[in-house]
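*Asks:* Provide a 3D model corresponding to the input given below.
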Amino acid sequence: MDSQHAVTRDRERRVDRLLVRSFPDRAALGAVAAGDIAAELRRRLAAQERVRMVFAAAPSQSEVLHALAAAPGIDWSRVVAFHMDEYIGLPPEAPQRFANWLDRNIFMKAPFGEVHRIAPGADPAETARAYAEKLGEAPIDIVQAGIGVNGHIAFNDPPVADFNDPLAVKIVDLDEACRQQQVDDDCFAAIADVPAQAITLTVPCLMAAHKIFCMVPSRAKRAAVDAALNGPIETACPASILRTHPDCTLYLDADSDPEA
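*Replies:* Below is the predicted model of the structure:
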């Protein structure tokens, strides 16, 4: 076995700098990942006044967030929450809006000190600029993330991902694979209903976080995970950049793990 893929008996392995943890099913993945995130939150809250955390909104993150919201011993009043992307063009009350999804799944389930929602409004460019300014006020401690079927992280699809992006937040066009995933996830009835643009945190913004927890269940993600772990580190699979982060853990289940 080469040094890039060092496998241990407890279903953990390293791929470059990335720690990969594999579980038999989605429930086990969610429970362990939530426990790990909760432990990191408690550790940081014991050492600093506030923790700044970025949240991903997607059905793949439901189990993790539900368990995290119920985790004991977290002083949520000292947690400052952001989220990593939002559609442009949906009405504020649309259930598909990621801010609304996160409200239902965690923001309204725990007493956060601050929640900063992306609200594109009539001037998405100004929203992106202001959100970048808010993010830049202090370091991001934790990112909770997923990977899309096209290998995206946040809404950094392959055509628009930039590992050296000068911006922290930007407007992007969503590619067809990304938009189709939203239909396949039962978030929209048809691809024509999926917005064509979004606001997203960029790759460098996400990678600047001290710690990244990336949860990726389901068979639909297996090819993207394979490319992220075994292909070149390139924007054709934006998630491949996670292999260079100094403290990132990838959580897989038997369906998503190409080695399962």
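*Asks:* Surely residue 242 touches residue 248?
*Replies:* Yes: counting by Cβ atoms under 8 Å, residue 248 is a contact partner of residue 242 at 5.0 Å. Quick note: C-beta positions are derived from backbone N, CA and C, even for glycine.
*Asks:* neighbour-wise, which of the two wins?
*Replies:* Taking other Cβ atoms under 10 Å, residue 242 and residue 248 do not tie; residue 242 has more neighbours (26 against 22).
*Asks:* Checking my notes, that one in a helix, right?
*Replies:* Yes: counting by DSSP: H, G, I helix; E, B strand; the rest coil, residue 242 falls inside a helix.
*Asks:* Give me the distance between residue 145 and residue 232.
*Replies:* In this structure, residue 145 and residue 232 are 20 Å apart, going by Cβ to Cβ, to the nearest Å.
*Asks:* Between those two, which has more neighbouring residues?
*Replies:* Neighbours per residue (other Cβ under 10 Å) separate residue 145 from residue 232, with residue 145 holding more: 25 against 8.
*Asks:* nearest spatial neighbour of the more buried one, skipping sequence neighbours?
*Replies:* Once flanking residues are discounted, residue 145 sits nearest to residue 214: 4.5 Å by Cβ to Cβ, 6 or more residues apart in numbering.
*Asks:* Would you mind identifying the next helix or strand past the helix or strand in which that neighbour is found?
*Replies:* Residue 214 is part of strand 211-216, with elements assigned from DSSP states H and E. Counting by DSSP H and E, the next helix or strand C-terminal to strand 211-216 is helix 222-230.
*Asks:* That next one vs strand 211-216, what angle?
*Replies:* When axes from the mean of the first three to the mean of the last three Cα atoms, to 10 degrees is applied, the directions of helix 222-230 and strand 211-216 differ by 140 degrees.
*Asks:* quick one: helix 222-230 to chain centroid distance?
*Replies:* Centroid separation for helix 222-230 versus its chain: 16 Å, with Cα atoms, centre = their mean, to the nearest Å.
*Asks:* same thing with stretch 132-141?
*Replies:* Its chain's average C-alpha position is 17 Å from that of stretch 132-141, according to Cα atoms, centre = their mean.
*Asks:* now stretch 27-46
*Replies:* Here the centre of stretch 27-46 is set off from its chain's centre by 15 Å, with Cα atoms, centre = their mean.
*Asks:* can you list the residues that contact stretch 168-186?
*Replies:* Contacting residues not belonging to stretch 168-186 are listed as 58-59, 88, 96, 124-125, 128-129, 131-132, 135-136, 148-150, 152, 155-160, 188-191, 193-202, 204-205, 220 [Cβ atoms under 8 Å, 6 or more residues apart in numbering].
*Asks:* Could you tell me the end-to-end distance of it?
*Replies:* Chord length of stretch 168-186, first to last residue, is 30 Å (Cα to Cα, to the nearest Å).
*Asks:* And for stretch 247-260?
*Replies:* One end of stretch 247-260 sits 23 Å from the other (Cα to Cα).
*Asks:* Next, count neighbours for the closest residue to residue 235 other than its chain neighbours.
*Replies:* The shortest distance from residue 235 to any non-neighbouring residue, by Cβ to Cβ, 6+ apart, is to residue 161 (4.2 Å). Neighbour count for residue 161, taken as other Cβ under 10 Å: 26.
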